[in-house]
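[1] 3D, please:
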Amino acid sequence: MKNIKKIFVVLLLLQIEALFGLEITQTTSTAKYQEEDCNIYLIYNDSLVPGDAIFVRMMIQTPKTHKKDKPLEKQATLQLYRKSKTKPIESGVFYSTGKSKKATNQEMLCGIPLSSFLEKDDYYLLITVKEGNDSVKEINLPLTFQARKFNSETIPLDSTNTAIKTDNSSARAAQIEKLNEILATVNADAVNALKPMASPTTSTRYTSWFGDRRVYAYSNGKSSTSLHYGNDYGIPEGSEVKACSDGKVVLAEWRNSTGWSIVIEHLPGLYSLYYHLSEMLVKEGDTVKTGDLIAKSGKTGLATGPHLHWEMRLNMSAVRPEFFLTNFTFEGVNYY
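    Okay, the predicted model is just below:
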């Protein structure tokens, strides 16, 4: 883009308490790009923290001098680049927030997950805006990297849990395939809620954290390693489990490894997952609101004791659940 006026303003500092008492400062920036045919306003979290996500909210405004022209529908993509590489690390497509009040304004949102294995380096965001078939605008947004430490743990499994963990049956394979198909679905119309989410339980007793590097010690002397994709809350069996945000129940069934399980769709490509339940109080197709009672906690599936596993997935990748307890969509925050 030529002759662009760029303004960056730090609007917000969010102090997030990470693992091991490490305090991470999550900053939010705004940017404004002005051209003859449109003004583009952006707000995004500019801290690159492994295991979190990057969200960008964008308003494209047609100036008064162009209001006589019929605005073309604009499409946009978001890509994360490492400056030393030519291929994007992550990418996503912007979708409408449904908040535009004027025909000449178009407001969009996009989020991309950040791997918990992301290494320190120089990164930037690239936004590509297309108008019709020909006009393309490219916007670069700077990022700062902040390291995060993750826990390591060894979990001994008895013979029952060893059998579940090493199950290679076709039934389990079909369950995994079904879940992956759901999590890969990005429905642009699924804008169910733009507000901060809420914890599905009142408990603050964590027994495992998102991103834990796990070693499973089998009863037969063998072992395997994996990454923990969510938070585990050590709560008594039968405790209330509530929806973390407005959404649609897209899965509610028994799964061999996760027991009674519920998945809720909140935004395009954004899902919450609730595992090891003792009782499900919703069914597939139900719509829920934040705080609705959806289940009772349990110890079904692969579980060493009663607990709730809460997980968040964005574009299939797991994201630290606490990230979504903040105003991650910048709802109500001014662009300038």
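
[2] could you use CA atoms for every contact and neighbour count after this?
    Noted.

[3] those helices in this structure, which residues are they?
    Applying DSSP state H to the chain gives helices spanning 159-165, 170-183.

[4] buried ones in the last one?
    For helix 170-183, the buried set under the neighbour-count rule, 16 or more other CA atoms under 10 Å, comprises 182, 183.

[5] so what secondary structure elements neighbour it?
    On a contact count with 3 or more CA pairs under 8 Å, 6 or more residues apart in numbering; DSSP states H and E, helix 170-183 meets strand 247-255.

[6] which residues touch the strand it packs on?
    Residues from elsewhere that reach strand 247-255 (CA atoms under 8 Å, 6 or more residues apart in numbering): 172, 175, 182, 192-193, 260-267, 280, 282-289, 301.

[7] same deal with stretch 320-332?
    Residues contacting stretch 320-332 (CA under 8 Å, 6+ apart): 43-45, 51-53, 55-57, 109, 194-199, 210-211, 229-231, 310-312.

[8] switch to 6 Å and redo it
    Applying CA atoms under 6 Å, 6 or more residues apart in numbering, the contact partners of stretch 320-332 are 51, 52, 194, 196, 197, 198, 210, 312.

[9] which one of those residues is nearest to residue 119?
    Nearest to residue 119 out of the contacts of stretch 320-332 is residue 51 (CA to CA; 11.2 Å).

[10] that closest one contacts residue 114, correct?
    Yes: between residue 51 and residue 114 there is a contact under CA atoms under 6 Å: 5.2 Å.

[11] sorry, back to before: filter the contacts of strand 247-255 down to the buried ones, PyMOL style.
    Per 16+ other CA under 10 Å, the buried members of these correspond to this PyMOL selection:
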select buried, resi 182+192+193+260+261+262+263+264+265+266+267+280+282+287+288+289+301
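
[12] local confidence estimate at residue 25?
    You'll see residue 25 listed with a pLDDT of 58.

[13] strands of the stretch 1-150 of the chain, start to end?
    For the stretch 1-150 of the chain, the strands defined by DSSP state E, counting those that start in this stretch occupy 9-17, 23-34, 39-45, 47-48, 53-61, 74-82, 90-93, 95-96, 105-113, 123-131, 135-142, 144-145.

[14] quick one: which of the ones you listed has the weakest pLDDT on average?
    Across these, strand 9-17 gives the lowest mean pLDDT, at a mean of 34.

[15] low-scoring stretches of the chain, by residue?
    Low-confidence segments of the chain, defined by pLDDT under 70: 1-26, 64-72, 101, 103, 133-135.
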